[in-house]
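Fold the following and give me the result.
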Amino acid sequence: MDEKTNKKNLLCFPVGTIGRDMVYALVTNYMLTFILFAIGPTAPQLAAITAIMVAMRVFDAINDPIMGNIVDRTRTKWGKFKPWLLIGILTTSVVIYLMFNPMLSGWGFVWYFGVLYFLYSITYTMHDISYWGMIPSLGTDANARDKFTSRTNLCAGIGGTLLTIVLPILTAGKNAIGGSAITAYGFIALGIAIIAPAFLMFTIFGVHEDRSYEKEEVPPISLKKVWKTITGNDQLLWISLIFFLQQIGNDMILVGVGSTYVYFEFGYSGGLYSTFSTVGMVATAFLMIFYPMISKKINRKPLMKIMMIAAVVGYAMMLIAGLALPHGAMIKFWIITIGFMVANFGQYGFYLIMMISILNTVEYNEYTTGNRDDAIIASIRPFFTKLGSAVCVAFTSLSYIIFKLTDLTNQISTFENKAAQGAITDEVKAASIDNVIQSAGNGQIAGLLITMIVISFVFMGASYILYKKHYKLDEDEFDRICKELEAKKA
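Next comes the predicted model:
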């Protein structure tokens, strides 16, 4: 592509995901929190909701490579990616509005949630697979791919971080919109349902991709094709397992029990959790901006060792401060928050390396089979992202049930709903919830802390060991493959 087109793509493609990642953060990071603190399910209902979330995320994960196959087969005058971007984002916006504005409770909500979560799994996959699948069509040069990946992750981080900063403040405590969590979540979902399509229009109307794929034979829509592409690529198989393990470790704090731990340890204040998550993600912003420069100086495997050391230091800070310092102390809060920032620096470094490692198997696939199958391969990242979050949901809900926290969260949701109905004042709601928070035992709170740190560390460590041993497409090998492919085409 010419320089002008490339510069336009480097602007319009990354910006398009800001709203999409607000959607993803809302559903993935806050759906369970919304259900616990606004809906108030019983333990059996929470178990059913957890089963639905896990089952739908597994279905969603399986659906990703199928959607990738469908995208690869699509041929329109707008290309193969953009039609699915448009259809997917518009339908997703409708679904998330309905999910966070329920008119039901109890088992009625469980059924309502099941239907909508199934629809979300389908609609989000449409634009997610087509979006990430477009990257290999924007540039095959390693430096260009690093730029697209890092800038896109920067914009994804902006979207997710903005929501992470704002949502807790506006849904928990005295600043909740409408005086209650259930009202606040409904307004925020409406806003995101409008913002997400608006941002994606930059990609749909501003990006020009290489359409050399139109010269290739249209692949059939076939599960056999999907299976053959994945299982026929040994490096894709290994990086899939490695990425899956890393995602479980990466998600256990923000997607898992982090918010509940902060509320019960330091008080039911959205501002505190917003500070915890925002400071924790500062290190990721650094990596989003500077990763292309860092990757030029340090190869991926040595860089992973540095990231692993950072994560160990961060998790140790969190664990020691959480168990040794007094309950609710602000010095404890800040040490845990800074520890999370250091650990998250390591985890996000892993994530960026994994993303590029997955995309590099496209050329390896072309080298070994003659086919790129870029949309199918790109679908592996969201496939295992969702599968990893499903495991996190299961761990999180299990920890709530084991430590009997649903008894307390149900009391909080009762006061939230009374406030939404105008049955009690904001002052009464705040005092009542504070009493519930204070009734939590030290064992319950410590259990949450240990759960999220141990799971995060163990799964990250496993991914590091497997990557070092089994992933062979380092910088030199990838360059060699690309040169041979260019020679064949010439």
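
And the helices in the stretch 101-250 of the chain?
All helices of the stretch 101-250 of the chain, identified by DSSP state H, counting those that start in this stretch, fall at 106-133, 142-171, 181-206, 223-231, 234-251.

where does the chain have low pLDDT?
Filtered on pLDDT under 70, the chain yields the residue ranges 1-3, 61, 139-146, 210-223, 256, 375.

Can you tell me the SS state at residue 268?
Secondary structure for residue 268, judged by DSSP: H, G, I helix; E, B strand; the rest coil, is coil.

Residue 333: which of the helices of the stretch 101-250 of the chain is closest?
helix 142-171 (14.2 Å; CB to CB). For every residue, glycine as well, the C-beta is placed using N, CA and C.

what's that closest one packed up against?
For helix 142-171, the packing partners by 3 or more CB pairs under 8 Å, 6 or more residues apart in numbering; DSSP states H and E come out as helix 3-15, helix 17-34, helix 181-206, helix 270-280, helix 282-297, helix 330-359, helix 475-489.

Out of those, which one sits most buried?
helix 17-34 (a mean of 24; mean count of other CB atoms under 10 Å).

circling back: could the helices of the stretch 101-250 of the chain be laid out in JSON lines, adding distance to residue 63?
Output for the helices of the stretch 101-250 of the chain, formatted as JSON lines (distance: least, CB to CB, whole Å):
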{"stretch": "helix 106-133", "distance to residue 63": "5"}
{"stretch": "helix 142-171", "distance to residue 63": "21"}
{"stretch": "helix 181-206", "distance to residue 63": "20"}
{"stretch": "helix 223-231", "distance to residue 63": "11"}
{"stretch": "helix 234-251", "distance to residue 63": "16"}
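
Could you pull up the residues touching the nearest residue to residue 461 once chain neighbours are set aside?
The shortest distance from residue 461 to any non-neighbouring residue, by CB to CB, 6 or more residues apart in numbering, is to residue 308 (7.3 Å). Applying CB atoms under 8 Å, 6 or more residues apart in numbering, we find residue 308 in contact with 346, 350, 460, 461, 464.

Quickly find the element holding residue 308.
helix 300-324 (DSSP states H and E).

what angle do that helix and helix 234-251 make?
Interaxial angle of helix 300-324 relative to helix 234-251 (axes from the mean of the first three to the mean of the last three CA atoms, to 10 degrees): 20 degrees.

then stretch 247-256 to CSV, C-alphas only?
Provided in CSV are the C-alpha atoms of stretch 247-256 (Å, rounded to 0.1, in the frame of the first residue of the first chain):
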residue,chain,number,x,y,z
GLN,A,247,-5.9,-15.2,29.6
ILE,A,248,-7.1,-17.0,32.7
GLY,A,249,-4.3,-15.5,34.7
ASN,A,250,-4.8,-12.1,33.2
ASP,A,251,-8.5,-11.9,33.8
MET,A,252,-8.9,-13.1,37.4
ILE,A,253,-8.6,-9.6,39.0
LEU,A,254,-10.5,-7.2,36.7
VAL,A,255,-12.8,-9.7,35.1
GLY,A,256,-12.9,-11.9,38.3
